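**Student:** pasting the structure only:
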Ligand code: DON
């Protein structure tokens, strides 16, 4: 077994010298401390924030510096991302937040996943012949679930934070009202979906210039309507979103366009505090998101299977390691399609799926030298992958409290529909339900009966905010976007640290692989060697090189309490900063 080695930690003496001389750990001296590494994490002694947007990282870090805790900073970042990164940061979507107190008291999870409106029906995304109509579940007003973000962030703050909602919203309101200078990624994103977004007048007016062109890098982008919407939340709390003017604007948007969300749906929306799913891997305790996300369950299931192999010895991204990982992934994703759904509506055999004995049974069927065809595991008919976006952030404060948050509007820019007059995009999360058992969603994920549409139900997710503890101490905070690839992306960062002893930036940056049972292919990023690919093909695998997977923002807390941040270079705006 390999555990994180101390080689990537700053020698304690260097840190003590820095501390005693009150020398801040600047990038320059942190480089010296981390000498010998190829990838350098951000270093902090008192707090660390890793998000997918520099401006969100900066405002959250300010909260920590002025005495706020990780939850205060997380909620502040969540609202700021809704302004600076409209393709995934949101108030029109939903997500999950894991909170692990620094004093080793229990890890808790806030589920603010969207719900199906009361008028939703099992067959609402099928035509008269019973065929699934994907356009309807992705790009119409019917695609939107009842948004959970505002209620979820407010609940997190109320139960675990120290600042009020008004304070947490202030930086977001300022960014929306005064605007911010857009980075190239902002321009590229809106340019790439111009046709899809501009069919909706409010989206065109909110995110593009008057002549329909895109804001260019370096130009200032303002969102006055969003600023007003956020101000109503600051003034009236969650009622400033789920009731009153904003609720009226959402309901009008729906009724003008055949959508289902009503005033009652909004007023009745409730986030839920849940127990995270828990497992262990080589002496580390893994906490991750329980249903209605499938993420935590399957990360633990895959880790349980892989624990039976000396993965560290087999080596990072060797053909042997990738083969075993792919075989374990296939089994987990096949189970996902059968068993997973919202546990408030269906029974999910959670303890069975995460049981080490079950993993032993599954492992027995894995041939160490030969791929098993996915169709021998279970039949299906997957769709291809789609471009998409969600966003994750990880935060640790000076008391060791950790927050791991993933939230989304599903696709990049969600449904593409902006609530007229309110300035924010609506999710298209209804596509994460099974439109029809056996028909894949946009990520090629097959859902079963357990994930059929029911009024008030939460659609199955893969989002996997994860926190690892050892001896009751928080050691790793991580999570990612990436649709179906979220589970495998998060898994690999855990393994890169635990099995392969990488520092957190190396663990985040390393090339990733993915198998989701169907389609029957190992998807790889650039950076896996051609002879490894040949060895995998010789074992019977189909290997496809595709675009980058996930954007995992992570924090590792060293044995001596030093905080290391790893921001994912796959997103050019990613930023980890400590102090
Ligand atoms: O909840 C889910 O699993 C998906 N709606 C997440 C979508 C996503 O991660 C898109 N991102 N890159």
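**Tutor:** The structure has been received and is ready for your questions. All values reported here derive from a predicted model rather than from experimental measurement.
**Student:** what comes up buried for the biggest helix by length in the chain?
**Tutor:** Criterion DSSP state H: the longest helix present in the chain is helix 319-339. For helix 319-339, a neighbour-count test (16 or more other Cβ atoms under 10 Å) marks 319-337, 339 as buried. The C-beta positions use only the backbone N, C-alpha and C, and glycine is treated the same way.
**Student:** where along the stretch 101-250 of the chain do the helices fall?
**Tutor:** 134-139, 149-160, 165-178, 184-192, 194-198, 201-207, 224-236, 239-242, 244-256 (DSSP state H, counting those that start in this stretch).
**Student:** For residue 498, find the nearest of these.
**Tutor:** Minimum separation from residue 498 across the helices of the stretch 101-250 of the chain (Cβ to Cβ) falls at helix 149-160, 27.2 Å.
**Student:** what sits up against that closest one?
**Tutor:** The contact list for helix 149-160, computed with Cβ atoms under 8 Å, 6 or more residues apart in numbering, reads 69, 71-72, 74-75, 78-79, 82, 90-95, 97, 99, 108, 110-112, 163-165, 168, 233, 237-238, 241-242, 269-271, 273, 403, 407.
**Student:** cool, and stretch 240-256?
**Tutor:** With Cβ under 8 Å, 6+ apart, stretch 240-256 has contacts from 91, 141, 144, 147, 150-151, 202, 229, 232-234, 236, 259-263, 266-267, 269, 417, 419-422, 426.
**Student:** Okay, the residue in the stretch 51-200 of the chain positioned nearest to the ligand and residue 94: tell me how far apart.
**Tutor:** Relative to the ligand, the nearest point of the stretch 51-200 of the chain is residue 88 (6.9 Å; Cβ to the nearest ligand atom). Per Cβ to Cβ, to the nearest Å, residue 88 is found 12 Å from residue 94.
**Student:** Identify the contacts common to the two.
**Tutor:** Common neighbours of residue 88 and residue 94 (Cβ under 8 Å, 6+ apart) are 407, 408.
**Student:** related to what we said a few turns ago, save the helices of the stretch 101-250 of the chain as a markdown table, and put in mean neighbour count and distance to residue 505 too.
**Tutor:** As requested, the helices of the stretch 101-250 of the chain are exported to a markdown table (neighbours: other Cβ atoms under 10 Å; distance: least, Cβ to Cβ, whole Å):
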| stretch | mean neighbour count | distance to residue 505 |
| --- | --- | --- |
| helix 134-139 | 19 | 35 |
| helix 149-160 | 23 | 27 |
| helix 165-178 | 21 | 26 |
| helix 184-192 | 17 | 20 |
| helix 194-198 | 15 | 34 |
| helix 201-207 | 19 | 32 |
| helix 224-236 | 20 | 33 |
| helix 239-242 | 22 | 37 |
| helix 244-256 | 18 | 40 |
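**Student:** I'd assumed residue 376 was in contact with residue 365.
**Tutor:** No. Residue 365 lies out of contact with residue 376 (Cβ atoms under 8 Å); the separation is 10.0 Å.
**Student:** what touches both of those two?
**Tutor:** Contacts common to residue 365 and residue 376, judged by Cβ under 8 Å, 6+ apart, are absent.
**Student:** What number of residues are in the vicinity of residue 364?
**Tutor:** 8 (other Cβ atoms under 10 Å).
**Student:** name the helices or strands packed onto the next helix or strand along the chain from the longest helix of the chain?
**Tutor:** Following helix 319-339 in sequence order, the next helix or strand is helix 350-353 (DSSP states H and E). Packing partners of helix 350-353 (3 or more Cβ pairs under 8 Å, 6 or more residues apart in numbering; DSSP states H and E): helix 295-306.
**Student:** what angle do the helix it packs on and helix 319-339 make?
**Tutor:** Interaxial angle, helix 295-306 versus helix 319-339 (axes from the mean of the first three to the mean of the last three Cα atoms, to 10 degrees): 140 degrees.
**Student:** buried ones in stretch 394-402?
**Tutor:** Within stretch 394-402, the residues scored as buried using 16+ other Cβ under 10 Å are 394, 395, 396, 397, 398, 400, 401, 402.
**Student:** For burial, what's the neighbour tally of the residue nearest to the fifth one when sequence neighbours are not counted?
**Tutor:** This points to residue 398. Closest residue to residue 398 apart from its sequence neighbours, by Cβ to Cβ, 6 or more residues apart in numbering: residue 46 at 4.3 Å. Neighbours of residue 46 under the rule other Cβ under 10 Å: 15.
**Student:** residue contacts, residue 46?
**Tutor:** If you count contacts by Cβ under 8 Å, 6+ apart, residue 46 has them with 64, 65, 397, 398, 563, 578, 579.
**Student:** still on that earlier bit, out of the buried residues of stretch 394-402, flag the one nearest to the ligand.
**Tutor:** Lowest distance from the ligand to the buried residues of stretch 394-402 (Cβ to the nearest ligand atom) belongs to residue 394, with 15.8 Å.
**Student:** That closest one: which element?
**Tutor:** Following DSSP H and E, the helix or strand that holds residue 394 is strand 391-396.
**Student:** next one: residue 533
**Tutor:** helix 530-538.
**Student:** Pull out the buried residues from that helix.
**Tutor:** 532, 533, 535, 536.
**Student:** Which residues lie in contact with the third one in this structure?
**Tutor:** If you count contacts by Cβ under 8 Å, 6+ apart, residue 535 has them with residue 319.
**Student:** one step back: just the buried members of the contacts of helix 149-160?
**Tutor:** 69, 71-72, 74-75, 78-79, 82, 90-95, 97, 99, 108, 110-112, 163, 165, 168, 233, 237-238, 241-242, 269, 271, 403, 407.
**Student:** Just those: which are in strands?
**Tutor:** Cross-referencing those against strands under DSSP state E gives 94, 95, 97, 99, 108, 110, 111, 112, 403, 407.
**Student:** Without its sequence neighbours, what residue ends up closest to the second one?
**Tutor:** It stands for residue 95. Of all residues not flanking residue 95 in the chain, residue 407 sits nearest, at 2.6 Å (Cβ to Cβ, 6+ apart).
**Student:** beta partners for the one you found?
**Tutor:** Beta bridges link residue 407 to residue 95, residue 391, judged by DSSP bridges.
**Student:** so how far is the ligand from it?
**Tutor:** Remark: distance between residue 407 and the ligand (Cβ to the nearest ligand atom, to the nearest Å) = 9 Å.
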